[in-house]
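K.L.:
Compute the structure for the input listed below.
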Amino acid sequence: MNSSDIITPKTVGVISLDGDPRDWPLEERPMIYVAGYFSNNPMHGTANACAEAERLLEAGWLPVIPHINIIWDMLAPKTPDFWYRYDIALLRRCDALYVCPGVLSEHSKGVNEEIIEARECDMPVFYEIIEAKDRYLE
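P.N.:
Alright, predicted model coming up:
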């Protein structure tokens with residue numbers, strides 16, 4: 001076993017984390033938080049974040065899309081402050097943050113606060129889709 005191998009309780013044996021994350025089991029892929037505008041136009045922002053998440057998934061990431069909590073909030077409403085704290089908790093568990101393109105994301109107070117939080121956690125912030133295997137290249 002080498003340093004890039006892990007043993008997981010859900011599997012028997014060793015999973016190699018060498019190579020391309022697109023070949024890894026989903027539960028072993030690096031998680032990336034999808035930051036994008038929401039308050040300005042919730043449905044459009046959610047659709048935009050989901051479209052970007054599809055591209056991230058194809059690039060080897062496991063996307064976390066906080067926007068989809070819109071469904072949960074419809075069924076069990078929470079305060080905006082709750083959702084902000086919830087989203088930050090999700091972000092802190094991720095390996096990277098991806099900022100959806102566009103002027104609405106650029107001017108979103110929430111997105112800018114998520115960028116600040118990611119940087120305070122020494123988390124990489126990406127403004128374009130990169131392959132998960134290239135996440136440490138600069």
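K.L.:
from here on, contacts and neighbour counts on C-alpha atoms
P.N.:
Noted.
K.L.:
what about the strands in this protein?
P.N.:
Counting by DSSP state E, residue ranges of the strands within the chain are 5-6, 15-16, 31-35, 62-64, 96-99, 125-126.
K.L.:
What are the contacting residues of the third one?
P.N.:
For strand 31-35, the surrounding residues in contact (CA atoms under 8 Å, 6 or more residues apart in numbering) are 49, 52-53, 61-66, 90-91, 94-100, 105, 111, 114.
K.L.:
Grab the longest helix from this structure for me.
P.N.:
The single longest helix within the chain, with elements called by DSSP state H, is helix 42-58.
K.L.:
Let's check: the centremost residue of this protein is which one?
P.N.:
In the chain, the C-alpha closest to the average C-alpha coordinate belongs to Y33, at a distance of 1.7 Å (CA atoms, centre = their mean).
K.L.:
give me the low-pLDDT residue ranges for the protein?
P.N.:
Within the chain, the segments meeting pLDDT under 70 span 1-18, 137-138.
K.L.:
so where do the helices sit in it?
P.N.:
Using DSSP H, helices in the chain cover 42-58, 69-75, 80-92, 103-106, 109-120.
K.L.:
Take those and lay them out in JSON lines including mean neighbour count and distance to E131.
P.N.:
Formatted as JSON lines, the helices of the chain follow (neighbours: other CA atoms under 10 Å; distance: least, CA to CA, whole Å):
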{"stretch": "helix 42-58", "mean neighbour count": "17", "distance to E131": "8"}
{"stretch": "helix 69-75", "mean neighbour count": "12", "distance to E131": "26"}
{"stretch": "helix 80-92", "mean neighbour count": "15", "distance to E131": "19"}
{"stretch": "helix 103-106", "mean neighbour count": "15", "distance to E131": "22"}
{"stretch": "helix 109-120", "mean neighbour count": "17", "distance to E131": "19"}
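K.L.:
what about those helices, which gets the closest to A132?
P.N.:
Across these, A132 has its closest neighbour in helix 42-58 (8.2 Å, CA to CA).
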